[in-house]
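Sequence first, then the predicted structure, then my questions.
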Amino acid sequence: MSFVEGCSCHVWAIDGYRSDVLAHNVNMLYDNKSSEALLAALDGTRARKRRKLVADTNLDAKIQGLVEACRTDVSTALACTIYGGFQYATDGAPEHMWIEYGGHIYDTMPGQPLRRAKATKRTRLRPPCEMSNFAADMIGSYESMLTNSQLAIITAAKDQWAKGWSNGGGSPCYEFTPP
(Lines give C-alpha, C1' and ligand atoms only; values in the text may rest on other atoms or scores of the structure.)
Protein backbone atom coordinates (compact mmCIF):
# COMPACT_ATOMS: atom_id res chain seq x y z
CA MET A 1 0.00 0.00 0.00
CA SER A 2 0.94 3.67 0.02
CA PHE A 3 0.37 6.85 2.04
CA VAL A 4 -3.04 7.38 0.43
CA GLU A 5 -4.18 3.85 1.26
CA GLY A 6 -2.43 3.36 4.59
CA CYS A 7 -2.26 6.67 6.46
CA SER A 8 -5.13 7.82 8.67
CA CYS A 9 -5.45 11.34 10.03
CA HIS A 10 -4.38 10.33 13.54
CA VAL A 11 -1.35 8.36 12.29
CA TRP A 12 -0.24 11.41 10.26
CA ALA A 13 -0.82 13.89 13.10
CA ILE A 14 0.85 11.77 15.78
CA ASP A 15 3.71 10.09 13.93
CA GLY A 16 3.81 10.86 10.21
CA TYR A 17 4.04 8.04 7.70
CA ARG A 18 7.01 5.74 7.02
CA SER A 19 5.40 2.46 5.99
CA ASP A 20 2.15 0.54 6.23
CA VAL A 21 3.58 -1.70 8.95
CA LEU A 22 4.61 1.24 11.13
CA ALA A 23 1.31 3.04 10.43
CA HIS A 24 -0.53 -0.11 11.52
CA ASN A 25 1.53 -0.22 14.74
CA VAL A 26 0.72 3.42 15.55
CA ASN A 27 -2.93 2.78 14.72
CA MET A 28 -3.04 -0.18 17.14
CA LEU A 29 -1.47 1.92 19.90
CA TYR A 30 -4.04 4.64 19.19
CA ASP A 31 -6.96 2.19 19.27
CA ASN A 32 -5.73 0.74 22.57
CA LYS A 33 -5.16 4.14 24.20
CA SER A 34 -8.48 5.63 23.06
CA SER A 35 -10.36 2.48 24.14
CA GLU A 36 -8.57 2.56 27.50
CA ALA A 37 -9.68 6.18 28.01
CA LEU A 38 -13.28 5.38 27.13
CA LEU A 39 -13.39 2.26 29.32
CA ALA A 40 -11.87 4.16 32.24
CA ALA A 41 -14.65 6.74 31.92
CA LEU A 42 -17.26 3.98 32.09
CA ASP A 43 -15.69 2.01 34.95
CA GLY A 44 -17.24 1.81 38.40
CA THR A 45 -20.52 2.71 40.00
CA ARG A 46 -23.09 5.01 38.41
CA ALA A 47 -22.02 7.90 40.66
CA ARG A 48 -18.34 7.33 39.82
CA LYS A 49 -19.26 7.11 36.14
CA ARG A 50 -20.95 10.49 36.26
CA ARG A 51 -18.04 12.10 38.10
CA LYS A 52 -15.47 10.53 35.77
CA LEU A 53 -17.36 11.48 32.60
CA VAL A 54 -17.72 15.06 33.80
CA ALA A 55 -14.11 15.25 34.98
CA ASP A 56 -12.61 13.64 31.88
CA THR A 57 -13.31 16.47 29.44
CA ASN A 58 -9.83 18.03 29.13
CA LEU A 59 -9.41 17.76 25.37
CA ASP A 60 -5.85 19.12 25.37
CA ALA A 61 -4.83 16.41 27.86
CA LYS A 62 -6.47 13.75 25.68
CA ILE A 63 -4.45 14.87 22.64
CA GLN A 64 -1.25 14.98 24.70
CA GLY A 65 -1.93 11.52 26.13
CA LEU A 66 -2.53 10.04 22.68
CA VAL A 67 0.64 11.58 21.25
CA GLU A 68 2.78 10.46 24.17
CA ALA A 69 1.34 6.93 24.12
CA CYS A 70 1.42 6.40 20.35
CA ARG A 71 4.39 8.25 18.88
CA THR A 72 7.08 5.91 17.61
CA ASP A 73 9.18 8.14 15.35
CA VAL A 74 11.97 10.41 16.56
CA SER A 75 10.99 14.02 17.11
CA THR A 76 12.86 16.89 15.47
CA ALA A 77 13.51 20.25 17.16
CA LEU A 78 10.80 21.88 15.00
CA ALA A 79 7.69 22.96 16.90
CA CYS A 80 4.23 22.08 15.66
CA THR A 81 0.71 21.98 17.08
CA ILE A 82 -1.30 18.78 16.95
CA TYR A 83 -5.08 19.27 16.91
CA GLY A 84 -7.96 16.90 17.45
CA GLY A 85 -11.62 17.62 16.76
CA PHE A 86 -14.16 15.94 19.05
CA GLN A 87 -17.93 15.50 18.75
CA TYR A 88 -18.33 15.19 22.54
CA ALA A 89 -15.94 16.21 25.30
CA THR A 90 -16.35 12.77 26.89
CA ASP A 91 -15.15 10.89 23.78
CA GLY A 92 -12.03 8.81 24.37
CA ALA A 93 -10.37 10.11 21.19
CA PRO A 94 -10.98 12.79 18.58
CA GLU A 95 -12.96 12.19 15.43
CA HIS A 96 -10.25 13.84 13.34
CA MET A 97 -6.63 15.00 13.84
CA TRP A 98 -4.33 17.39 11.95
CA ILE A 99 -1.14 19.42 12.50
CA GLU A 100 -0.06 23.02 12.15
CA TYR A 101 3.52 23.77 11.19
CA GLY A 102 5.25 26.71 9.53
CA GLY A 103 2.04 28.70 9.06
CA HIS A 104 0.15 25.82 7.38
CA ILE A 105 -2.36 23.17 8.36
CA TYR A 106 -1.46 19.65 7.17
CA ASP A 107 -4.25 17.13 7.01
CA THR A 108 -5.20 13.78 5.49
CA MET A 109 -7.75 10.97 5.67
CA PRO A 110 -7.58 7.41 4.36
CA GLY A 111 -7.91 7.43 0.58
CA GLN A 112 -6.81 11.06 0.31
CA PRO A 113 -3.49 12.80 -0.34
CA LEU A 114 -1.79 15.05 2.18
CA ARG A 115 -3.54 18.42 2.10
CA ARG A 116 -2.17 21.82 3.06
CA ALA A 117 -3.89 25.14 3.68
CA LYS A 118 -2.72 28.40 5.19
CA ALA A 119 -3.21 28.33 8.97
CA THR A 120 -6.02 30.71 9.90
CA LYS A 121 -8.65 30.85 12.61
CA ARG A 122 -11.01 29.19 10.14
CA THR A 123 -8.68 26.37 9.00
CA ARG A 124 -7.88 25.54 12.62
CA LEU A 125 -11.62 24.81 13.03
CA ARG A 126 -12.02 23.20 9.59
CA PRO A 127 -8.87 21.54 8.29
CA PRO A 128 -8.68 20.86 4.54
CA CYS A 129 -10.20 17.33 4.66
CA GLU A 130 -13.25 18.36 6.70
CA MET A 131 -16.51 19.56 5.18
CA SER A 132 -17.68 21.49 8.26
CA ASN A 133 -16.19 23.28 11.25
CA PHE A 134 -15.59 21.66 14.59
CA ALA A 135 -16.95 23.75 17.46
CA ALA A 136 -14.06 25.76 18.92
CA ASP A 137 -14.62 24.23 22.36
CA MET A 138 -14.48 20.73 20.86
CA ILE A 139 -10.90 21.05 19.58
CA GLY A 140 -8.01 19.90 21.72
CA SER A 141 -4.42 20.81 20.95
CA TYR A 142 -0.94 19.87 22.04
CA GLU A 143 2.29 21.79 21.42
CA SER A 144 4.74 19.20 20.17
CA MET A 145 7.61 18.69 17.74
CA LEU A 146 7.45 17.38 14.17
CA THR A 147 8.67 13.84 13.71
CA ASN A 148 11.39 12.98 11.21
CA SER A 149 8.81 11.38 8.90
CA GLN A 150 6.46 14.38 9.01
CA LEU A 151 9.36 16.68 8.17
CA ALA A 152 10.59 14.38 5.39
CA ILE A 153 7.16 14.34 3.71
CA ILE A 154 6.63 18.09 4.08
CA THR A 155 10.14 18.71 2.71
CA ALA A 156 9.58 16.31 -0.22
CA ALA A 157 6.42 18.22 -1.10
CA LYS A 158 8.18 21.61 -1.17
CA ASP A 159 7.73 22.45 -4.88
CA GLN A 160 5.18 19.75 -5.70
CA TRP A 161 1.99 21.07 -4.08
CA ALA A 162 -0.86 21.02 -6.62
CA LYS A 163 -4.04 23.06 -6.35
CA GLY A 164 -6.54 20.80 -4.62
CA TRP A 165 -10.23 20.61 -3.94
CA SER A 166 -12.07 23.17 -1.84
CA ASN A 167 -13.95 22.15 1.28
CA GLY A 168 -15.82 25.45 1.19
CA GLY A 169 -13.73 26.75 4.07
CA GLY A 170 -12.56 29.81 2.18
CA SER A 171 -8.86 28.96 2.13
CA PRO A 172 -7.23 27.40 -0.96
CA CYS A 173 -6.15 23.84 -0.46
CA TYR A 174 -3.06 22.23 -1.98
CA GLU A 175 -2.35 18.51 -2.29
CA PHE A 176 0.69 16.27 -2.38
CA THR A 177 0.67 12.50 -2.71
CA PRO A 178 3.61 10.98 -0.85
CA PRO A 179 4.91 7.64 -2.12
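Everything's here; your move. Numbers count the residues shown, from 1 in each chain.

Show me the contact partners of stretch 164-173.
If you take CB atoms under 8 Å, 6 or more residues apart in numbering as the criterion, stretch 164-173 is touched by 113, 115-118, 120, 122-123, 126, 128-131, 133, 163, 174-175. From N, CA and C alone the C-beta is placed, and that goes for glycine too.

how about 7 Å then?
115, 117-118, 120, 122-123, 126, 128, 130-131, 163, 174-175 (CB atoms under 7 Å, 6 or more residues apart in numbering).

For the closest residue in space to residue 3 that isn't next to it in sequence, list the residues it contacts.
Counting by CB to CB, 6 or more residues apart in numbering, residue 178 is the residue found nearest to residue 3 once chain neighbours are left out, at 4.1 Å. By CB under 7 Å, 6+ apart, the contact list for residue 178 reads 3, 17, 114, 153, 156.

Relative to residue 76, which of those residues is nearest.
residue 153 (12.4 Å; CB to CB).

Please tell me how far that closest one sits from residue 73.
11 Å (CB to CB, to the nearest Å).

Of these two, give the one with the bigger neighbour count.
Set side by side, residue 153 and residue 73 show more neighbours around residue 153, with 23 against 19, by other CB atoms under 10 Å.

Now do the same contact list for the more buried one.
Contacts of residue 153 by CB under 7 Å, 6+ apart are 16-17, 114, 178.

Same check on residue 72?
By CB under 7 Å, 6+ apart, residue 72 lies in contact with 15, 22, 25-26.

now, which of these lie within helices?
15, 22, 25-26 (DSSP state H).

Filter those residues down to just the buried residues.
For the ones in helices among the contacts of residue 72, a burial check counting by 16 or more other CB atoms under 10 Å picks out 15, 22, 26.

In TSV: those residues, plus distance to residue 91 and pLDDT.
Shown next, in TSV, are those (distance: CB to CB, whole Å; pLDDT from 0 to 100):
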residue	distance to residue 91	pLDDT
15	21	97
22	26	93
26	19	95
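
Give me the common contacts of residue 153 and residue 73.
With CB under 7 Å, 6+ apart, residue 153 and residue 73 have common neighbours residue 16.

what pairs with the longest strand seen in the chain, and is each one parallel or antiparallel?
In the chain, with assignment by DSSP state E, the single longest strand is strand 75-85. When pairs are called by DSSP bridges, strand 75-85 turns out to pair with strand 96-101 (antiparallel), strand 139-147 (antiparallel).

Out of the ones you listed, the one nearest residue 58 is which?
strand 139-147 (7.8 Å).
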